[in-house]
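> got a predicted model here, sequence first, then my questions.
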Amino acid sequence: MDKNKEELLTFYKFATEHASVGIHAIDTMGKTIIYNKKMKEIEGLHLTDIRDRSILEIFQFEKEDSTLLKVLQTMKPIFNIKQTYWNHNGQEITTINDTYPIIKDYQLIGAVEIARDITTLEKLLYQPLRRYGEPITFNVITAVSEAMQEVIETAKKAATTRLPVLLIGESGTGKDLIAEAMHYFTTSNTENFKTFFCHRSDKAIIERLKGQLNVNDNSTIFCERIEYLSLELQKDCLALLEEHRQSSHLFIASIGGDPIDLIASGELLKELYYFFASVSINVPPLRNRKEDIQPFIDDYLTRYAHRFGIRLEGLSKEVKQLFMNYEWPGNLKELEILLDDIMSMVTNEEQITYELLPIHFKWKMQSYKSSTKSPEDFVFQSHKELLPLDDYLREAEEYYLNKVLDKYNHNVTKAAEALGMSRQNLQYRIRKIRK
């Protein structure tokens, strides 16, 4: 390499490392090529964590949810897409991404993503019901399912006895709502509900917790996602809590998974679990209580109409069916974020229709539709309603292409070879079925 190129490379490296946005580049196999300092801060990882590993091994999302992998498949840039995912430590991350294919000599060699971190902003803006500036009580929680009614009844009893409580459930299920509702079940004081967001290396949280525990004001102390603290900080936290076990405070903590698994993997201190587990409450995911979806949406639309004067009758029949079929991996939080995105597009519509759904959600629905097809769907059966030939051929092609892509882990080159067509032809067909 000549001197000019070496100097230019030095400038590029410096700019990449000191950029205020995260930069993550991968090759066509999903292996990391560039991972800058800001991206390490956003995702809580190091280069050694990701080197020689596919991003699907590191982050908990489906292939169709990864903007980097989607750009590899389509060879088209994607702009201003919000992505929420979880790293290997179980930490939830939300970014706004611009993602580009990297092409050299007319050949795709990888993709690069530029990410703006909005995780903290999401915590402030997208906590269900939090934005309305009112206390969260059990009366304003819209859940009607039998499972959630049991959660609420157990939480009320625990609040009365003021025993330590452990809330167990996935991100976005509303554990923070249950904790705050427990506080207001026994008091109307809005000042002494204290939430401590746990972070692995935040030593200051222990000092803040110590200061609050020394105030004898019957506070509710809510430690959110205690497994995110390092084990060393968990020990410090436990020591403080043990000192004030006989105080008048109500202690509540939350975790995002099975406590036995978290203890076995070294993420949760067994003694800290025992401290909070006087009462354990499992908050079920939304996919297991889909009867809670419609009441939540009705309440959302009522509040939105009251605040902005925009009234909608609800969901169209098609969207309602899609919502009931979808698994909601982000739970209530994901549902509310989706409703926010939808309402930003409303003009004079009377219902939430399929056309109002954001493109990233349509991608997920497209994947769902194709995954629910079976070979039997393409067998002629005289008792079934017949499709027009063009519609039948389009559905059959979509089903077959998706199965072949799955077989080759969405490697377009290998899939094209197996199908006996050019890579460009297959990419054209993929783009066509995903419109």
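All right, it came through fine.
> show me what contacts Ala115?
Neighbouring residues of Ala115 by CB atoms under 8 Å, 6 or more residues apart in numbering: Val21, Gly22, Ile23, His24, Met39, Ile42, Thr95, Ile96, Asn97. Every residue, glycine included, has its C-beta placed from N, CA and C.
> now it, what are its backbone angles?
When read as degrees, to the nearest 10, the backbone of Ala115 gives phi -120, psi 130.
> which among the contacts of Ala115 gets closest to Glu146?
For these, the closest approach to Glu146 (CB to CB) belongs to Thr95, at 36.7 Å.
> burial count for the closest one?
24 (other CB atoms under 10 Å).
> excluding chain neighbours, what is closest to it?
Ala115 (4.1 Å; CB to CB, 6 or more residues apart in numbering).
> cool, and Thr160?
Thr186 (6.6 Å).
> what does Ser422 give?
In space, Ser422 is closest to Ala416, 6.3 Å off (CB to CB, 6+ apart).
> what packs against the longest helix along the chain?
With secondary structure taken from DSSP state H, the chain has its longest helix at helix 389-407. Contacts defined by 3 or more CB pairs under 8 Å, 6 or more residues apart in numbering; DSSP states H and E place helix 389-407 against helix 359-371, helix 412-419, helix 423-433.
> who wins for proximity to Tyr273 among those?
With CB to CB as the measure, helix 359-371 is the member of the helices and strands packed on helix 389-407 nearest Tyr273 (34.4 Å).
> state the mean pLDDT of that closest one.
Mean pLDDT, helix 359-371: 66.
> cool, stretch 427-435 as well?
70.
> quick one: distance of stretch 402-413 to the chain centre.
Centroid separation between stretch 402-413 and its chain, computed with CA atoms, centre = their mean, to the nearest Å, is 25 Å.
> now that stretch - C-alpha only, PDB.
Extracted in PDB, the C-alpha atoms of stretch 402-413 (Å, rounded to 0.1, in the frame of the first residue of the first chain):
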ATOM      1  CA  ASN A 402     -39.300 -18.600   0.700                       C
ATOM      2  CA  LYS A 403     -38.800 -22.400   1.400                       C
ATOM      3  CA  VAL A 404     -35.700 -22.400  -0.900                       C
ATOM      4  CA  LEU A 405     -34.300 -19.300   0.800                       C
ATOM      5  CA  ASP A 406     -34.800 -20.800   4.200                       C
ATOM      6  CA  LYS A 407     -33.000 -24.000   3.100                       C
ATOM      7  CA  TYR A 408     -29.900 -22.000   2.100                       C
ATOM      8  CA  ASN A 409     -30.100 -19.600   5.100                       C
ATOM      9  CA  HIS A 410     -31.200 -16.700   2.800                       C
ATOM     10  CA  ASN A 411     -28.000 -17.000   0.800                       C
ATOM     11  CA  VAL A 412     -29.300 -15.600  -2.500                       C
ATOM     12  CA  THR A 413     -26.400 -16.900  -4.600                       C
END
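> residues making contact with that stretch?
28, 63, 69, 72-73, 370-371, 414-415, 418-419, 423, 426-427, 430.
> and if you look at stretch 283-299?
By CB under 8 Å, 6+ apart, stretch 283-299 touches 128, 142-145, 147-148, 151, 167-170, 172-175, 178, 314-315, 320, 323-324, 327-329, 331-332, 335-336, 339.
> how about it: buried residues?
Val283, Pro284, Pro285, Leu286, Arg289, Asp292, Ile293, Gln294, Phe296, Ile297 (16 or more other CB atoms under 10 Å).
> tell me the pLDDT of the second one.
Pro284 is assigned 94 on the pLDDT scale.
> what secondary structure does it sit in?
coil (DSSP: H, G, I helix; E, B strand; the rest coil).
> I'd like the distance between it and Glu398.
For Pro284, the distance to Glu398 equals 33 Å [CB to CB, to the nearest Å].
> try the last one
From Ile297 over to Glu398 the distance is 29 Å, taken as CB to CB.
> what of the third one?
When distance is defined by CB to CB, Pro285 is 29 Å away from Glu398.
> longest strand in this protein, by number of residues?
With secondary structure taken from DSSP state E, the chain has its longest strand at strand 92-104.
> in that strand, what's buried?
Glu92, Ile93, Thr94, Thr95, Ile96, Asn97, Asp98, Thr99, Tyr100, Pro101, Ile102.
> then stretch 350-361?
Ile352, Leu356, Leu357, Pro358, His360, Phe361.
> tell me which two of those residues sit farthest apart.
The widest separation within these (CB to CB) is 16.0 Å, between Ile352 and His360.
> hmm, Glu227 is touching Ser265, no?
No. In this structure, Glu227 is not within contact of Ser265 by CB atoms under 8 Å, at 9.2 Å.
> more neighbours: the two, which one.
Each of Glu227 and Ser265 has its neighbours counted (other CB under 10 Å); Glu227 has more, 25 against 11.
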